[in-house]
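> What would the 3D arrangement of this be:
(chains A and B)
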Amino acid sequence: MANVQATQAFYSLTLEPSSAPTAACTCNVIPGLKSQDQQIFEARGQRILLHRIVENEDRTEVKVSTFLDQDVFGIVRGVSAFRIPGTGTDQLVVSSDSGRVVLLNYDPDKNSFKRIHQETFGKSGVRRTVPGQYLASDPRGRCVMLASAEKNKVVYIVNRNAEGGILISSPHEANQWASLCFAVCALDTGWEHPVFATLEVDYNDAENDPSGEMYERREKQLVYYTVDLGLNHVVKSWSDTVDYSANMIFGVPGGQDGPSGVLVCCEDRIYYRHDKSQPLSIPIPRRRGATEDPERKRCIVAGCLHLSRARHEFFFLLQTEDGDVFKLTMAMAEDASGRRTSQPESMSMRYYETFPVAKQMLLIRKGYIYIAAENGNNKLYHVNDLAEDIDFEPHNYFTSDSYSPDPEEPYEPLYFHPRGLTFTSLAVDIPSLHPLMRTQVANPLNEDAPQIYAIQGTGATSAFKTIRHGLEVQEIVSSPLGAIDYSNLWSLKHRASDQYHSYLVLSSDYADKTIVLSIGDEVETMENSPFLTTRATISASLMGDATLVQVHARGVHSILESGTVNEWPVPSHRTIVAASANERQLLLGLSSSELAFFFMGDDGVLNQLEEMPEMSGKVTALSVGQTPKGQMQAKYAVVGCDDCTIRVLSIELDSPLEARSVQALSAVPTSIEVIEQIEPDSGTNVSYVHIGLQSGLYLRAVIDDVTGELGEVRTKFLGARPTRLFPVSLASDSNSSSCVLACSSRPWLGYNHPLSTTYTLTPLVMAQTLDAARGFVSEHINGLCGIQGSNLLIFELGSVEKRLSTETVGLKYTPRGMARNPWNGVWYVVQSEGNTLSRETKRALRAKGEGVKKLEDGNVKMETTTDGEDADMKDTTAPADEDEGDVEETERHLGLSRGLGHWASCISAIDPVDAKAITSSFEFGENEAALCVAAVAFESRNWEVFVAVGTGQHLGAAPGAEVQTKGFVHIFRLVDEGRELEVVHKTEFPTPIYALLPFHGRLALGVGPELFIYDLGMRALLRKSRGLAVPNQITSLQAQGNRIIAADVSESVTYVVYKSTASSGAPAGAADRLIPFADDTIQRWTTATTMVDYETVAGGDKFGNLWVVRAPEQASKEADEEGIGGFIVNERSYLGGAPYRLELRAHYYTQDIPMSLQRTALVAGGQEVLFWSGLQGTLGILVPFVSREDVEFFAQLENLIRAEETPLAGRDHLMYRSYYAPVKGVVDGDLCERFGKLGVDARQKIAGEVEREVKEVERKVQEMRGRMAF
Amino acid sequence: MADKLRTQQQLESLQNKYIGTGHADTTKHEWTSNIARDSYASYQGHPPLLHYMSIGMGQPMEKVRMHCMERMVQPVGPAPAVED
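Prediction:
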């Protein structure tokens, strides 16, 4: 802790957790649901989640809703679910890096996980011989096996006792020295002893043989481990050699349902193996197509089983690395009397669909396929047809009949035609951010808060995304209502018992008039409405059963159901300035600072209270509370005055307008709403007062039900305009919850977040802010209506679960780097894809393919002369160009054509602001792959901006191969405000270029370990300076002033100072110098860096650490001494490195690999934070602590929570955050936020320890997030 | 003497339990293969690292995992011939 005290500390928060799935399974954890209504148990990064599939009756609307999401503070590696016979719900098993097996139950009352068992079997951490890599559970729910990559396997037998408790046995080990485990699965043996199958390779012989002969003769074994439940031990019961390329195994249903045994998936082939049956084999069909390599072998990467226990039928869906899914079925031999035996006779495969490559594919009994995608959005497909019609696509149907199960025997490969979706349809596309290659926070649009620009995805599904914090809005109607601006609107029902709204009253302060629209099938102007239209309306409401009350400056206009109109005129020389009504009570604020109060009797007539108390200042806003259910009157009203105070008054009839409490504010209140909302903690209704201030602040406080005191004040700055509040209700599936819509310079919605249950404020993503908004319920629409100037807008809100909204521009290949045009919002994204055919190659292949086709048709003769061939080529490429759009569409679905050793690459200019599309693109040829990009303004060209792209040619080529790996820097000129790119020239370099940086009107770049500075020449770049900066390979460059930070691929960062001859007055001809002066003490495999200030660098590494290092003061000063050389040049190298060493200031393990870091503010008026984004889709921030007390408070809180609630997967939190190096100077905010989820007792205890109130601790934790981010 | 035997036994049991526990005659080959195997196991065990590599290699994660597993069989080539 001493270190935390001494230097800057940070508070780490996750804004958006990782979306990349590591494992998933189906389960039934909610008691009382049908067994078909399966849930999905998924692990993403350090979180475990439970999803449900929610559909409406006719299945037109399907939604995957996450109902539980918990951070386990550990690396989750596998999940499984099984049903112990005789229990009502499934048990969930989690294998993680904790060296423990954890059995969980879902607790539906608390909506939380309940840990049933936690058994330790080994050391913590991801180790070679500690089980946890593989997890398999017996299909009959009797035992689970965990295995490690090498040697160790452990089996736990689980049982149920008479009281319904779950018992777990001591661990049974099945260890084998020097054996590597490639895969594990559980066999379905019916009710016989459970068997686990593994794929193993014994390396002992190969290890000890110097000749390498034994290595060549190594074998892969399929091994059965039988768990003898009677004798309580695990034995290796059977093993046999399988094809060496085997990578995955699946258990085949047994008992009454099938033959038992396993499917062994190998490269290009699938075998069926079992100790009691004959083996079978079938090749994996390869793709047919002009751009497909017919020799390329596929292997299976994911699969799932469908078993109908009732009909004893089953099939597998197996996915290849291309994403093609095959349906595999088995036919059983029949005995003499025609009955099905348990001996399989043949296997057959049918091409089913092509889905994104899955990490885990799940078949859900309701008729869905869930793809937990490896890259890109997770998807849910609706199964329309199980492809049982044999006559459909006979060319895509294959059987194992003519294939020998001997791996040695040669065979004819099978080919199929891939196609678009046929048997399934996409039901839900779940937005995900993995893999997130780079992000940059910028605000070219000058919105209130900056946007996050991100490059994301791989292959043909990659995208450039604009991410905003906000809820997406679906606009239904936007219609102009004439030239005048309206200031407020109300949607009213005709009777209180009506379901739908009938009137829409719009008022304009400016024109001093009101218009009324009627809501029916259409919304249209009402000509002869009972409302007064010649004045502006202050408030309109429905009171009593059917009395419409319109308040205007000069009086109250109430319309009874009978049509009678009562008018209450304001006493002379006064006007009404504010009004608020609920079902029975009406409160008016007059210009004389007096209040007028009315109560409505059962006859619908308003009765005025005699007293008209005077307030301390001019009334600016007031609100009466909503009438509570089942009662006649609300208890309190809140009145705000221009002396910056609000008062709570009692408005009950026995003590009318008695002041209860006063609260001072920082500015004049402009809008007040008293709303009853559910307090998530207790689940009861609590009255909250929401206050909008002139300054754009928004406050929310609780009104004590008994005393009327205000408490628990929460504040947030919403925008530059005065805040106006509107109560709305949000219709969800089950119930509607009251929320508040706060309009400042943009609209915000305040609601209880369905997942975290905390009160959340999220902006709505709209081009223009709302002036006013109300609920809008008609027969077809259940949404909101609002005013934007003179426009009426009717809109619906999508889900409020996701707090980010995204705009997408599709890319061609995996994006690797991006740069922004310094003058506008155009971005340059370089993309490259390994082992993929480039566009030119594909064109040539397609042209050739078409030629072949024509030959087959007999229309074209074989070309004999080269001229003829040329003519033919031209002929066929022309239509290919036309189809380009089609081809791209197909590629988006089927993926890019693969080719080993080939690279496809391009640079695109993207305008995400106006065009929202790629504006121009340039394909690189000659097997080049673009790796990095920078927009550089060259001083020698009068600061004209050029785009520089660093590439690598023949990347990945083995040393000594025919081709040499080298690099290029391409320079592009910008045309049409940067929307078009024009090639200038390219310069060759001996190694691929991974880092580029604009530096003092020139270009700094890293070539291997060396740092160069180049200027732009006519035909190539011209070298200006050169220096050895790092030991291996420069991967990232940053600069401030004359200081350049070079990050090495493995050796952390080096500080380099640039000494220019121009500034130092050195003799002409002396070269500019680059002098490294400080480097790090430990290795860091740096992926991203950013300069926090002139001395400090924050970075991330490949192992998932975030760190902050700082140059010692002396080094920093010495480096900046005037003149070339100076002292620093002659400084002696220390221990073979730079003269000085960097100091570590903060270190934190995040699990996800940081790919981008940036010092930036994320919200309007917020402090600057260190924003980072991770490969698996994590968005996070490090908030620098401002005060010492905060550091102490949060460090203590973290410690207490750590002790109070141990992480769910059994990992020690402190150990986890110190995975590679001890955590330093960082408090885990995600753990602190668990405070709100703890039990009441635990919270009390912790709050007592930190000597604060529970509510105060909660407020502090929430404010930490609210102030800086979202 | 008994102490020495005991130490020896303890060491042996450690070596048996924890792969990679060295002994007086550990060769360079044993040591480097052991480190390489540890690394390959770690690449597979950390999902983000495997993901990172799979994107770099342009191959699905399962293939990269298989590649790592396969490299564990003989990570640094055959053992050098022992001279008697």
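> Single out the residue in the stretch 601-750 of chain A that lies closest to chain B.
Here the residue of the stretch 601-750 of chain A nearest chain B is A:Pro680; by C-beta to the nearest C-beta that distance is 32.4 Å. Quick note: C-beta positions are derived from backbone N, CA and C, even for glycine.
> contacting residues for that residue?
Applying C-beta atoms under 8 Å, 6 or more residues apart in numbering or on different chains, we find A:Pro680 in contact with A:752, A:757-759.
> Dump those into CSV; add neighbour count, secondary structure and distance to chain B as well.
Compiled in CSV, the contacts of A:Pro680 are given as follows (neighbours: other C-beta atoms under 10 Å in any protein chain shown; DSSP: H, G, I helix; E, B strand; the rest coil; distance: C-beta to the nearest C-beta, whole Å):
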residue, neighbour count, secondary structure, distance to chain B
A:Asn752, 18, strand, 33
A:Thr757, 16, coil, 29
A:Thr758, 16, coil, 28
A:Tyr759, 19, strand, 33
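> least confident pick among the residues you listed?
Ranked by pLDDT, the contacts of A:Pro680 bottom out at A:Thr757 (79).
> Quick check: closest non-adjacent residue to it.
Leaving aside its chain neighbours, A:Thr757 sits nearest to A:Pro680 (3.8 Å; criterion: C-beta to C-beta, 6 or more residues apart in numbering or on different chains).
> Could you check the pLDDT of that neighbour?
pLDDT at A:Pro680 comes out at 75.
> hmm, back to that, next, give me the two most distant ones among the contacts of A:Pro680.
A:Thr757 and A:Tyr759 (8.7 Å; C-beta to C-beta).
> Quick check: residues of chain B near chain A?
B:16, B:18-20, B:33, B:37-38, B:40-42, B:44-49, B:51-52, B:54-63, B:66, B:69, B:72-74, B:77-82 (C-beta under 8 Å from any C-beta of the partner chain).
> count of residues packed around A:Glu1113?
Residues near A:Glu1113, counting by other C-beta atoms under 10 Å in any protein chain shown, number 10.
> measure the residue lying closest to it once chain neighbours are set aside to chain B for me?
Leaving out its chain neighbours, the residue that sits closest to A:Glu1113 by C-beta to C-beta, 6+ apart is A:Glu1095, at 7.8 Å. Going from A:Glu1095 to chain B by C-beta to the nearest C-beta, to the nearest Å gives 30 Å.
> doesn't A:Arg1110 make contact with A:Glu1095?
Yes: counting by C-beta atoms under 8 Å, A:Glu1095 touches A:Arg1110, with 5.2 Å between them.
> among the helices and strands of the chain, which has the poorest mean pLDDT?
Since no chain was named, I'll use chain A. Ranking every helix and strand in chain A by mean pLDDT, DSSP states H and E puts helix A:2-6 at the bottom, with a mean of 48.
> following it, which helix or strand shows up next?
strand A:10-16 (DSSP states H and E).
> Which elements pack onto that next one?
Packing contacts for strand A:10-16, counted by 3 or more C-beta pairs under 8 Å, 6 or more residues apart in numbering or on different chains; DSSP states H and E, involve strand A:1143-1149, strand A:1179-1184, strand A:1226-1228, helix A:1229-1232, helix A:1254-1268.
> nearest to A:Val648, of these?
That would be helix A:1254-1268 among the helices and strands packed on strand A:10-16, by C-beta to C-beta, at 18.8 Å.
> tilt between that closest one and strand A:1179-1184?
Note on geometry: by axes from the mean of the first three to the mean of the last three C-alpha atoms, to 10 degrees, helix A:1254-1268 and strand A:1179-1184 are set 110 degrees apart in direction.
> So which bits of the longest helix anywhere in chain B are buried?
Longest helix in chain B by number of residues (criterion: DSSP state H): helix B:28-45. Across helix B:28-45, burial judged by 16 or more other C-beta atoms under 10 Å in any protein chain shown covers B:30, B:33-34, B:37-38, B:40-45.
> I'd like to know which elements it is packed against.
helix B:47-57, helix B:61-73.
> Next up, the contacts around the residue in the stretch 1101-1250 of chain A that chain B sits nearest to.
Per C-beta to the nearest C-beta, A:Ile1153 is where the stretch 1101-1250 of chain A lies closest to chain B, at 4.9 Å. Contact partners of A:Ile1153, counting by C-beta under 8 Å, 6+ apart, are A:1087, A:1100-1104, A:1174-1176, B:48-49, B:51-52.
> and if we set it to 6 Å?
A:1102, A:1104, A:1174-1175, B:48, B:52 (C-beta atoms under 6 Å, 6 or more residues apart in numbering or on different chains).
> Likewise for B:His29?
B:79-80.
> excluding its backbone neighbours, what's nearest A:Gly692?
Closest to A:Gly692 by C-beta to C-beta, 6+ apart is A:Thr723, at 3.0 Å.
> so how many other residues sit close to the one you found?
Neighbour tally, A:Thr723, other C-beta under 10 Å: 27.
> I figured it hits A:Ser744, correct?
Yes: applying C-beta atoms under 6 Å, one finds A:Thr723 in contact with A:Ser744, separated by 4.7 Å.
> shared neighbours of these two, anything?
The contact sets of A:Thr723 and A:Ser744 overlap at A:Gly696 (C-beta under 6 Å, 6+ apart).
> centre of the chain versus the helix or strand of chain B with the lowest mean pLDDT, how much separation?
Least confident helix or strand, chain B: helix B:2-17 with a mean of 85, by mean pLDDT, DSSP H and E. Centroid separation for helix B:2-17 versus its chain: 22 Å, with C-alpha atoms, centre = their mean, to the nearest Å.
> Show me what A:Gln360 is bridged to.
According to DSSP bridges, the partner residues bridging A:Gln360 are A:Ala372.
> what about it, distance to A:Asn752?
Distance, A:Gln360 to A:Asn752, using C-beta to C-beta, to the nearest Å: 32 Å.
> circling back to that earlier point, can the contacts of A:Pro680 go into TSV with extra columns for distance to A:Gly978?
Shown next, in TSV, are the contacts of A:Pro680 (distance: C-beta to C-beta, whole Å):
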residue	distance to A:Gly978
A:Asn752	45
A:Thr757	46
A:Thr758	43
A:Tyr759	43
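> and residue 66, what is it in contact with?
Because you didn't say which chain, this covers chain A. Contacts for A:Thr66 (C-beta under 6 Å, 6+ apart) come out as A:49, A:51.
> switch to chain B, that's the one I care about
For B:Met66, the contact set (C-beta under 6 Å, 6+ apart) comprises A:Asn247.
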